[in-house]
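Asks: just need the structure, nothing else, for what follows:
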Amino acid sequence: MRFSESLKKNADFKHLYKYGDSRADSILVLYSLPNGSDINRVGISVSKKVGNSVVRHHLTRLIREVYRLNEDRLKSGFDLAVVVRVRGKNASFSTIEKHLLTLLSLQGIVRTEE
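Replies: Now for the predicted structure:
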């Protein structure tokens with residue numbers, strides 16, 4: 001079952017940055033905003049400052065896979081934007097997973113076990 005789709009339009013990102021709540025750590029910044037639907041829309045942003053296109057695409061794929069593997073643990077109905085900082089350039093899958101799940105928990109998006 002698929003709970004999310006991509007956030008692609010620049011206007012959607014700008015709206016999320018302006019009105020959304022954000023949390024950050026040393027390698028990632030997470031913006032979130034309720035979207036009033038039953039799905040999550042996820043956008044990933046990796047600046048050219050982080051690295052060349054190969055590095056940026058690799059980080060994008062890692063984040064997308066972390067999200068996919070943990071999607072069933074997340075609440076739905078949010079627009080999410082994940083921004084990779086320069087210090088995240090050489091981060092491993094497990095490091096990205098740990099940081100992203102921590103930020104999602106701080107935002108209250110991870111479901112609590114009942």
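Asks: now do the helices in the protein.
Replies: Along the chain, counting by DSSP state H, helices occupy 10-19, 53-70, 93-106.
Asks: how close does the residue nearest to Val82 when sequence neighbours are not counted sit to Thr112?
Replies: Ranked by CB to CB, 6 or more residues apart in numbering and with sequence neighbours excluded, the top spatial neighbour of Val82 is Ile44, at 5.0 Å. The way it works is simple: take the backbone N, C-alpha and C, and place the C-beta from them, glycine included. Relative to Thr112, Ile44 is positioned 26 Å away (CB to CB, to the nearest Å).
Asks: wait, which of the helices of the chain is closest to Ser37?
Replies: Minimum separation from Ser37 across these (CB to CB) falls at helix 10-19, 12.9 Å.
Asks: residues in contact with the closest one?
Replies: Identification of contacts with helix 10-19 by CB atoms under 8 Å, 6 or more residues apart in numbering yields Leu7, Tyr31, Ser32, Leu33, Arg41, Gly43, Ser45, Asp79, Ala81.
Asks: so the first one touches Tyr67, yeah?
Replies: No. Counting by CB atoms under 8 Å, Leu7 stays clear of Tyr67, with 11.8 Å between them.
Asks: anything in contact with each of these two?
Replies: Val42.
Asks: can you read off the pLDDT for the residue nearest in space to the middle of the chain?
Replies: With distances taken as CA atoms, centre = their mean, the chain has Val82 as the residue nearest its mean C-alpha position (3.3 Å). As predicted, Val82 sits at a pLDDT of 97.
Asks: residues in contact with it?
Replies: Val82 neighbours (CB under 8 Å, 6+ apart): Leu28, Val29, Leu30, Val42, Gly43, Ile44, Ser45, Ile63, Tyr67, Leu100.
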